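*Asks:* structure for the following, please:
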Amino acid sequence: MSAVALCLTATAQNCPPNIDFETGTFDGWTCYIGSVSAASGSNVISLLPSNGPVFDRHTMYSANSGLVDPYGGFSVNCPNGSGHSIRLGNNQAGGQAEGISYEFTIPANQDIYSLIYHYAVVFQDPNHQEFQQPRLEIEITNVTDNTIISCSSFTFIPYGSLLPGFFLSPNPPDNTPVWCKDWSAVSINLDGNAGKTIRLFFKTADCTFIRHFGYAYIDVNSECSSEFVGAAYCPDDTTINVTAPYGYESYTWFNSTFTQVLGTQQTISFTPPPPTGTSIAVEVVPYSGYGCLDTLHALLKDTLTIKANAGRDTLSCSQKPVPIGVIPKPGVVYSWSPVTGLSNSFISNPLASPAVTTTYILTTRHDGGGCVDQDSVVVRASVIDNSLQLIGSASYCIGSGDSTILRVQPADSIQWFRNDVAITGAHQRDYRVIQSGSYYALLFNKDGCIIATPTQEVLIDKAKPGITYPIEYALVNKPANLQARQFGITALWNPATYLSTPESYSPVFQGPIDQLYTIEIKTASGCVTIDTQMVKTIEKVEMYVPTAFTPNNDGLNDFLRPMLIGVKELHYFKIFDRYGQVLFDTKEDRPGWNGSFKGLQLSTQVVVWIIEGVGIDGQIYFRKGTSVLVR
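*Replies:* You can find the predicted model right below:
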C-alpha cells in the first residue's frame, strides 16, 4: 500500500476549517480508495470516494504518540508542534491506491494568500519501469479557473538514482531497497486568487505489479495567526527568534529592501529585538524538482501574549500515567514543578503519575524571555492495592485434601475472572477455586479506578486409572527396553529387580526369569497412577503358525494367524494358494486371515505361508510352512 505524510500550514490569514486536521477528524476532507494499473506505458490511479476514512488506509495520529517510521526512523508527527497527523496508505502492497482532497475558497478581499504543505514519503524501489513504480502524486488545482498550480504539484517516483533529500533505509523488510524522505515543505503562493476555489489532492499507489509499497506519515500545523513563528514577540523579550516554515533545503533572510542578507538558517535571532513594525523576508528553496523558489514576508510586532495552560484537573489510577498540559506551541518554553511523577518537566504536555494527589504548576515564557505566565493543575492520585494472595496450593490432585483459595485486598467492587471470562456472582474477597484455569480479579473503587490483579494459574488434577501393558518378551539375560506411559513428572518401577534405572520411564530389563512390575507415575499436581507390566523371559525368539484352522464363525480357530514370541516388529505375514497367488498379506499379527479371498469364502485346501519379523535381539527371523483350511 502506498502512503504519504503531509503537514498543512495556512499563513497570514484564518485557516479553512480543519484543513490542518486539528479537530482530530477528517471533517472537511474527502477520502478515496481505489487501485493502480499500467496501461499503454502510463500509470493509471483509479479512485472513488470512500465516504470517510478507511481503516489502515486513512490513519489519524495524535501528538505524544511517540511513534516513528519503522524504515526512516523519523517521527510520524510533523515537527511543527501541531496536534494531529494523518497517514495516507500503509506498508502492505496489493495494487491499492488512496487519496484525500480538500476544497476551500479564498476570501474575496484576500489578494495575498499562501499555504504551506509538508510531506514525508517512504518508497520501496523494485526498479520497475518508471510508470510501474509506487508513487505519491500531489495536485494543487485552481478549481475556478480549472488550472493546475504547477510549482506545488508533482509526482514522487523511486526510480534510477537517489532522489533529492532521500536516504536509504537501514532495515528494509526484504531484499528490495527502501528510500525515505524526512519531512519537507512546499509553499503554495496563492496571491492574486481572491475569491477563487482551490483544491488540494494527494494520491498514493502501490507498484502496478501489486508487490511493492510506497508510504509515509502526516502531521498538521495549526498555527495560522502569523506569517512565521516568532514574528509576533513579547514586549519584554530580550531576544526574538523568527522561524521560517520547516522542511526546505535552504533559507536566505533579507531586510525589507533586499539590500542586506540577515542570515541563512531556518531560524534567525535578533538581540535586542528590532523596533515593532520591522519588515523582513526569507527566500525558501525547496529540494530540487519538488517545488518552486518562493519568498515569504513577516512583519515583526511586539503584540504577543502567552497564557499558560496546565490543562484540566485529572485522575491518576494506581500511578497510571495521565497527560496534563496542552499541545505545545512553537517558540514557547515550558517548565513544571514539582518534577516528581512527571515524564518530562520541560515539555508542554508531560505524563503525570504521582503516588499522592499533587498540584503541578506550569510556568511558560517566550523563547525570548518575556511573557512569563503560570497555571496549575491537580492530579488526584487514587491507588488500589491489586496484590493477589494464594492460600493453599496452586496445583493438587482431587482427593488429596488440598484446596485453592485466592484473596484480594478490600475494594469497593470486585469481579473474578477465569480464562478471561467473568465468573457469575464472584464478587467476594476470597474465591475458592474448584476447577483448573487462569484466574484474576478486577478491582474497582468509588473514584472510578479499575485495576486487574496479577494472574494465578491453578491446576486441579484427577488421577488417571491404571492399566496393564501388553506382555513384553525378553531373551534370558539379554537387555530389553521397557516403556511406561509418559504423562507425569516421575515414574518408579517396583521391584527394581533386573532393571537398569527403576526411576525411569524407559528402563532396560536384563534377567533370567519372568518378572511382574508395577509402575508408579506421579504428576506435578501429586496425582498417582499405578500401571502393571509383565516381562516374560524366553530362551529364543519364535514364530509359530497353526497347521490348520476352521473359519466357520463358531468362535474357535476362525483365523489363521501367527503366534509371536519375542518378536518386536512383523515385516510381513503372507498366505498363498497352491498356484502361488497371494491370498492374504499383512504386517499385523491380529486378527489374521478368515479364509476368504476377494469377498468369497474359499473351500477346503492346503495353503502356504511365509513370515518375517525382527526379534527383540535385533535379529531378522524368517519362517515358512503350510496350513490346512478346513470347511
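
*Asks:* part of a helix, is Phe131?
*Replies:* Yes. The assignment for Phe131 is a helix, going by DSSP: H, G, I helix; E, B strand; the rest coil.

*Asks:* ok, now which ones touch the nearest residue to it once chain neighbours are set aside?
*Replies:* The shortest distance from Phe131 to any non-neighbouring residue, by C-beta to C-beta, 6 or more residues apart in numbering, is to Asn43 (4.5 Å). Every residue, glycine included, has its C-beta placed from N, CA and C. Applying C-beta atoms under 8 Å, 6 or more residues apart in numbering to Asn43 gives the contacts 36-37, 131-133, 135, 205, 208.

*Asks:* could you export the helix or strand containing Asn43 as PDB, CA atoms only?
*Replies:* Secondary-structure element containing Asn43, defined by DSSP states H and E: strand 42-49. These are the backbone C-alpha positions of strand 42-49, laid out as PDB (Å, rounded to 0.1, in the frame of the first residue of the first chain):
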ATOM      1  CA  SER A  42       1.200   5.000 -18.300                       C
ATOM      2  CA  ASN A  43       0.400   4.800 -14.700                       C
ATOM      3  CA  VAL A  44      -3.400   5.000 -14.000                       C
ATOM      4  CA  ILE A  45      -4.700   5.600 -10.500                       C
ATOM      5  CA  SER A  46      -8.400   5.000 -10.200                       C
ATOM      6  CA  LEU A  47     -10.100   6.400  -7.100                       C
ATOM      7  CA  LEU A  48     -13.700   6.600  -5.800                       C
ATOM      8  CA  PRO A  49     -14.900   8.400  -2.600                       C
END
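
*Asks:* list the buried residues of it.
*Replies:* 43, 45, 47 (16 or more other C-beta atoms under 10 Å).

*Asks:* low-scoring stretches of the stretch 51-200 of the chain, by residue?
*Replies:* Regions of the stretch 51-200 of the chain meeting the criterion pLDDT under 70 cover residues 64, 80-81, 159-164, 187.

*Asks:* show me where it has strands.
*Replies:* Taking DSSP state E, counting those that start in this stretch as the test, the strands found in the stretch 51-200 of the chain are 58-62, 84-88, 96-105, 114-124, 135-142, 147-148, 154-156, 166-168, 178-189, 197-205.

*Asks:* within the sheet, what are the partner strands of the longest one, with directions?
*Replies:* Counting by DSSP bridges, the strands paired with strand 178-189 are strand 114-124 (antiparallel), strand 166-168 (antiparallel).

*Asks:* nearest to Ser525, out of the strands of the stretch 51-200 of the chain?
*Replies:* Closest to Ser525 of those, according to C-beta to C-beta: strand 58-62, at 48.7 Å.

*Asks:* so where's the chain uncertain?
*Replies:* Using pLDDT under 70 as the threshold, the predicted model of the chain has low-confidence ranges 1-14, 64, 80-81, 159-164, 187, 220-229, 246-247, 289-291.

*Asks:* count the neighbours of Thr357 for me.
*Replies:* 12 (other C-beta atoms under 10 Å).

*Asks:* now it: how far from Leu315?
*Replies:* Distance of Thr357 to Leu315, given as C-beta to C-beta, to the nearest Å: 10 Å.

*Asks:* go on, Val458?
*Replies:* Spatial separation of Val458 from Leu315 under the definition C-beta to C-beta is 34 Å.

*Asks:* next: Ile610.
*Replies:* Note on Ile610: its distance to Leu315, by C-beta to C-beta, is 86 Å.

*Asks:* same deal with Tyr498?
*Replies:* In this structure, Tyr498 and Leu315 are 73 Å apart, going by C-beta to C-beta.

*Asks:* the two: who's more crowded?
*Replies:* Counted by other C-beta under 10 Å, Tyr498 and Leu315 do not tie: Tyr498 has more neighbours, with 21 against 15.

*Asks:* pick out the residue closest to the middle of the protein.
*Replies:* Pro70 (12.6 Å; C-alpha atoms, centre = their mean).

*Asks:* so it touches Pro170, yeah?
*Replies:* No. Using C-beta atoms under 8 Å, Pro70 and Pro170 do not qualify as a contacting pair, with a distance of 10.8 Å.

*Asks:* the strand holding Asn43: partners in the sheet, and parallel or antiparallel?
*Replies:* Strand 42-49 has these partner strands in its sheet, going by DSSP bridges: strand 30-39 (antiparallel).

*Asks:* who touches the partner strand?
*Replies:* By C-beta under 8 Å, 6+ apart, the list of residues contacting strand 30-39 from outside reads 2, 43-54, 57-58, 95-102, 131-132, 203, 205-208.

*Asks:* mind running it again at 7 Å?
*Replies:* In this structure, residues lying in contact with strand 30-39 by C-beta atoms under 7 Å, 6 or more residues apart in numbering are 43-50, 52-54, 57-58, 95-101, 131-132, 205-206, 208.

*Asks:* what comes up buried for that strand?
*Replies:* Counting neighbours by 16+ other C-beta under 10 Å, strand 30-39 gives 30-37 as buried.

*Asks:* what of stretch 466-480?
*Replies:* If you call a residue buried by 16+ other C-beta under 10 Å, then stretch 466-480 has these buried ones: 469, 472-475, 480.

*Asks:* mutual contacts of Thr357 and Leu315, please.
*Replies:* The overlap between the contact sets of Thr357 and Leu315 (C-beta under 7 Å, 6+ apart) consists of Arg380.

*Asks:* got the end-to-end distance for stretch 78-85?
*Replies:* Here the two ends of stretch 78-85 are set 7 Å apart, with distance taken as C-alpha to C-alpha, to the nearest Å.

*Asks:* do the same with stretch 573-587
*Replies:* Separation of the first and last residues of stretch 573-587 by C-alpha to C-alpha is 6 Å.
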